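1. Sequence first, then the predicted structure, then my questions.
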Amino acid sequence: MTLEFHKMHGAGNDFVLLDARGLSFSMTPELAARLSDRHRGVGCDQILVLRSATDSANLARYEIWNSDGSPAGQCGNGARCIGLYLEMQGDTGPDPFVVESPAGVVTMHRCSDGEYEINMGVPSFAARSIPVDLEPTDGIYRLDSPWGVIEFGAVSMGNPHAVVLTRDIDSAEIPQIGEFIGTHECFPQGCNAGFAQVAGPDKIHLRVVERGAGETLACGSGASAAVAVLHQWGRVSDRVDVFLPGGHLVIKWPGNQESLAMKGPAEHVFRGIMNE
């Protein structure tokens, strides 16, 4: 089968998008890992597979595959790239539209500055919904590690996240600590590990070691999770600029049971043909 692919990125978090609508195409873990390989494949953090929506009220449906071949539940940067691709195909208009993700429906719209704003849903802090097999004290989990006791918050944004406060966002140990947290047995499904340095109530710096992909230049659900946790701790306001190694996202969340909004860029890099 010959398939057209599209290389895209959101703030440096890069994707290979395959439009499989109307095609009898099945992604496999082996194929996802091969395509994601930066030396022997196209190269990306995640694969996005676009499908026809299961509900006619929605515009499309998409799957997310990590670079190690494992499936993912949510990806904010990927969702914005889906929005841009659908716009490029002439499928969208000026009104907000809805697409189906593995974690549920996602509403998005194109902003006047060309970026996309995504409704990421209501953050869930319940341990069993994340899931995490620890009990928090005042919203803080504690985990013994080779680096001492690690304190973190945890939340589900459709996928599991741990958020650690750091005073040194440039620490060389972050990838190792993130891998330790993300693969620890207390997270039965693994997790994305975010490291946040607070620069003020409306500004943070963030690095994220993603489950199944390692450290990426940006993570939309990770930025959402970091702001949700820090908001719960009283460290940030309702609108936060999040600066990641690959770019800038804006997260808005008033707390309580309100939905969280994420805004950021999406870019189309190139298209190509693959034979499978």
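-> On my side now, so go ahead.

2. going forward, measure contacts and count neighbours with C-alpha atoms only.
-> OK.

3. H161 sits in which helix or strand?
-> strand 160-165 (DSSP states H and E).

4. Can you name the next helix or strand after that strand?
-> For strand 160-165, the following helix or strand on the C-terminal side (DSSP H and E) is helix 174-182.

5. Would you mind pulling the contact partners of that following helix?
-> With CA atoms under 8 Å, 6 or more residues apart in numbering as the contact definition, helix 174-182 has outside contacts at 147, 162, 190-195, 208-211, 214-215.

6. Where do the helices of the stretch 51-200 of the chain begin and end?
-> For the stretch 51-200 of the chain, applying DSSP state H, counting those that start in this stretch gives helices covering 76-88, 174-182.

7. and the shortest one, what's its mean pLDDT?
-> Model confidence over helix 174-182 averages 98 on the pLDDT scale.

8. Convert that helix to CSV, retaining C-alpha atoms only.
-> Taking C-alpha atoms only, helix 174-182 is exported to CSV below (Å, rounded to 0.1, in the frame of the first residue of the first chain):
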residue,chain,number,x,y,z
ILE,A,174,16.2,15.4,34.5
PRO,A,175,16.1,12.7,31.7
GLN,A,176,17.3,10.0,34.2
ILE,A,177,14.9,11.1,37.0
GLY,A,178,12.1,11.4,34.5
GLU,A,179,12.7,7.9,33.2
PHE,A,180,12.8,6.6,36.8
ILE,A,181,9.4,8.2,37.7
GLY,A,182,7.8,7.3,34.4
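
9. Distance of N13 relative to G220?
-> From N13 over to G220 the distance is 9 Å, taken as CA to CA, to the nearest Å.

10. residue contacts, V208?
-> Applying CA under 8 Å, 6+ apart, the residues contacting V208 are 178, 192-195, 215-219, 222.

11. do T107 as well
-> The neighbours of T107, taking CA under 8 Å, 6+ apart as the test, are 96-99, 118-120.

12. Which of these are buried, as a PyMOL select command?
-> Entered in PyMOL, the line below selects the buried ones among those, by 16 or more other CA atoms under 10 Å:
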select buried, resi 97+98+99+118+119+120
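
13. Most tightly packed of the helices of the stretch 51-200 of the chain?
-> helix 76-88 (a mean of 23; mean count of other CA atoms under 10 Å).

14. N13 and G220: which has the busier surroundings?
-> G220 (30 against 24; other CA atoms under 10 Å).

15. which one is the more buried one nearest to, not counting chain neighbours?
-> Leaving aside its sequence neighbours, G220 sits nearest to G76 (CA to CA, 6 or more residues apart in numbering; 4.2 Å).

16. That neighbour and N119, how far apart?
-> For G76 relative to N119 (CA to CA), the value is 9 Å.

17. shared neighbours of those two, which are they?
-> The overlap between the contact sets of G76 and N119 (CA under 8 Å, 6+ apart) consists of M262.

18. tell me which element G272 is part of?
-> Assigned by DSSP H and E, G272 belongs to strand 267-275.

19. circling back: dump the strand holding H161 to CSV, keeping only the CA atoms.
-> This file holds the C-alpha atoms of strand 160-165, laid out as CSV (Å, rounded to 0.1, in the frame of the first residue of the first chain):
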residue,chain,number,x,y,z
PRO,A,160,-1.0,10.0,33.3
HIS,A,161,1.4,12.8,34.5
ALA,A,162,3.7,13.4,37.4
VAL,A,163,4.9,17.0,38.0
VAL,A,164,8.1,17.8,39.9
LEU,A,165,9.1,21.3,41.0
